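K.L.:
Quick one: sequence and predicted model below, then my questions.
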Amino acid sequence: MAHKVRVCPRCGSTKISAIRTSVSGWLVPSSYYCEECHYSGPTYVEVDSEEVSRLQAAMRESS
Ligand SMILES: [Zn+2]
């Protein structure tokens, strides 16, 4: 069964991770960091695991 994975909105890599920022227990918006292209920002793309390779192919074609 497919599960959702986070991918980088810039390069489509799955090597994107949340940067945890907690200031005195307050919830602050997380940002996300991509190891592949060094993107960092507040958003990521969530796709089915089966769609990742298709998305990456599409991103390669458009760049
Ligand atoms: Zn990236």
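P.N.:
Now that the structure is in, tell me what you want to look at.
K.L.:
use CA for all of it now, contacts and neighbours both
P.N.:
Fine.
K.L.:
CA-only coordinates of stretch 45-59, as CSV, when you get a sec.
P.N.:
This file holds the C-alpha atoms of stretch 45-59, laid out as CSV (Å, rounded to 0.1, in the frame of the first residue of the first chain):
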residue,chain,number,x,y,z
VAL,A,45,5.5,18.4,-1.4
GLU,A,46,3.7,15.3,-0.1
VAL,A,47,3.1,12.6,-2.7
ASP,A,48,2.4,8.9,-2.7
SER,A,49,5.5,6.8,-2.5
GLU,A,50,4.6,5.4,-5.9
GLU,A,51,4.5,8.8,-7.5
VAL,A,52,8.0,9.9,-6.4
SER,A,53,9.9,8.6,-9.4
ARG,A,54,7.3,10.1,-11.7
LEU,A,55,7.5,13.5,-10.1
GLN,A,56,11.3,13.4,-10.2
ALA,A,57,11.2,12.6,-13.9
ALA,A,58,8.8,15.4,-14.5
MET,A,59,11.1,17.8,-12.6
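K.L.:
And the pLDDT for the residue in the chain sticking out farthest from the centre?
P.N.:
For the chain, the largest distance from the centre (CA atoms, centre = their mean) belongs to S24, which lies 26.1 Å off. The model reports S24 with a pLDDT of 73.
K.L.:
Could you do P42 as well?
P.N.:
For P42, the pLDDT comes out at 89.
K.L.:
Near it, how many other residues are there?
P.N.:
Using other CA atoms under 10 Å, P42 is surrounded by 11 other residues.
K.L.:
give me every residue that touches the residue farthest from the centre of the chain.
P.N.:
With contact set as CA atoms under 8 Å, 6 or more residues apart in numbering, S24 has no partners.
K.L.:
Can you give me the buried ones in stretch 6-18?
P.N.:
By neighbour count on 16 or more other CA atoms under 10 Å, the buried set for stretch 6-18 is 6-14, 16-18.
K.L.:
Say whether the ion is contacted by whatever helix or strand S53 lives in.
P.N.:
Assigned by DSSP states H and E, S53 belongs to helix 52-62. No - using CA under 5 Å from the ion, helix 52-62 never reaches the ion; the gap is at least 10.5 Å.
K.L.:
Look up the closest residue to V45, ignoring the ones flanking it.
P.N.:
Among residues not flanking V45 along the chain, V7 sits closest, at 5.2 Å (CA to CA, 6 or more residues apart in numbering).
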